[in-house]
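**Q** next input, structure requested:
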Amino acid sequence: MSEKLNIFKSRHDFAETMLTKYFPLGPNTLVSDIGSGFGFMKPLIQNVGGTWQPFDYVRKIEEATIWDLNKPCPEGANKPGLIIFLEVLEHLPNPLLSIQNISNHIEKGGYIILTTPNPQSSKSIINLMLKGTLYGFQKKHIKEYHVFTPWEHIVSEFLESSGFEILEYACVDTEYQKSKRSGFKDKFKRVLESYFERKNPKSIGMSYGLVAKKIK
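**A** Below is the predicted model of the structure:
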């Protein structure tokens, strides 16, 4: 994996850039969009020449196939050459089993593009110091079913033990850096965020992104 850290202002920008880069390298043109939501990835996938195959845990659009990631992919689905997996990991009570099921779903030589909240983020560091919990993983976030804290080293281990090779890491969702801060408290928090981001570049971004290749 490259040591250079790329930075993207949004998960949409990250997904579009990585899709454009890795789609031509995949073993086929089918793209599984796991956690497809309302289908915002569909036009991006079609723009690169891909065939969109959406999955979700709860049906939000008619095209989506329901897939509980605790179980193998539903019968009738085809194996893709690329998987889009944005902001889903943190909602999984059994993330390793889910990644194993995803690994069985993708063609060998295929790519997975994922994003997930960043526990190393400067906001999480500050929140941990002030409140004892990571930003985005407080008790109130159980309503959003944030049940897995996706530390990079754990996610990487799950991917690698499931037959993937990590190719890229990126800092994602950085719009907060440019937001206007009003009042001493907010301005001081931004000073602290900047300090931690200088000390550890991986604390930049509310989320992080990974690209991995299925090698076995």
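
**Q** confirm for me that S124 is in contact with Y135.
**A** Yes - between S124 and Y135 there is a contact under Cβ atoms under 8 Å: 4.3 Å. C-beta here means a position set from N, CA and C on the backbone, and glycine is covered the same way.

**Q** so where is the chain shaky, pLDDT-wise?
**A** 1-3 (pLDDT under 70).

**Q** and if we set it to 90?
**A** Residues of the chain meeting the criterion pLDDT under 90: 1-5, 175-190.

**Q** which parts of it are strands?
**A** 6-8, 30-34, 51-56, 65-66, 82-86, 111-117, 164-172, 207-214 (DSSP state E).

**Q** can you redo these as CSV with distance to D186?
**A** Formatted as CSV, these follow (distance: least, Cβ to Cβ, whole Å):
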stretch, distance to D186
strand 6-8, 22
strand 30-34, 36
strand 51-56, 36
strand 65-66, 42
strand 82-86, 28
strand 111-117, 21
strand 164-172, 22
strand 207-214, 21
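
**Q** select, out of these, the one closest to F23.
**A** F23 lies closest to strand 82-86 among those, at 5.8 Å (Cβ to Cβ).

**Q** pairing partners for the closest one, with directions?
**A** strand 30-34 (parallel), strand 111-117 (parallel) (DSSP bridges).

**Q** show me how far the last one is from its chain's centre.
**A** To tie it back to what came earlier, the one meant is strand 111-117. Offset of strand 111-117 from its chain centre (Cα atoms, centre = their mean, to the nearest Å): 3 Å.

**Q** just the shortest one next, same as before
**A** Relative to the mean C-alpha coordinate of its chain, strand 30-34 is positioned 14 Å out (Cα atoms, centre = their mean).

**Q** now what about that strand, what contacts it?
**A** 19, 23, 39, 41-42, 45, 50-56, 67, 69, 77-85, 88, 102, 105-106 (Cβ atoms under 8 Å, 6 or more residues apart in numbering).

**Q** before we move on, what about stretch 144-163?
**A** Here stretch 144-163 makes contact (Cβ under 8 Å, 6+ apart) with 89-93, 95-96, 99-100, 102-103, 112, 116-117, 119-120, 134, 136-137, 166, 169, 202, 208, 210, 212, 214-216.

**Q** okay, the strands of the chain in a markdown table with distance to E144 and mean neighbour count next?
**A** Listed next are these as a markdown table, based on distance: least, Cβ to Cβ, whole Å; neighbours: other Cβ atoms under 10 Å:
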| stretch | distance to E144 | mean neighbour count |
| --- | --- | --- |
| strand 6-8 | 22 | 17 |
| strand 30-34 | 18 | 26 |
| strand 51-56 | 15 | 21 |
| strand 65-66 | 20 | 12 |
| strand 82-86 | 15 | 25 |
| strand 111-117 | 10 | 27 |
| strand 164-172 | 18 | 21 |
| strand 207-214 | 14 | 25 |
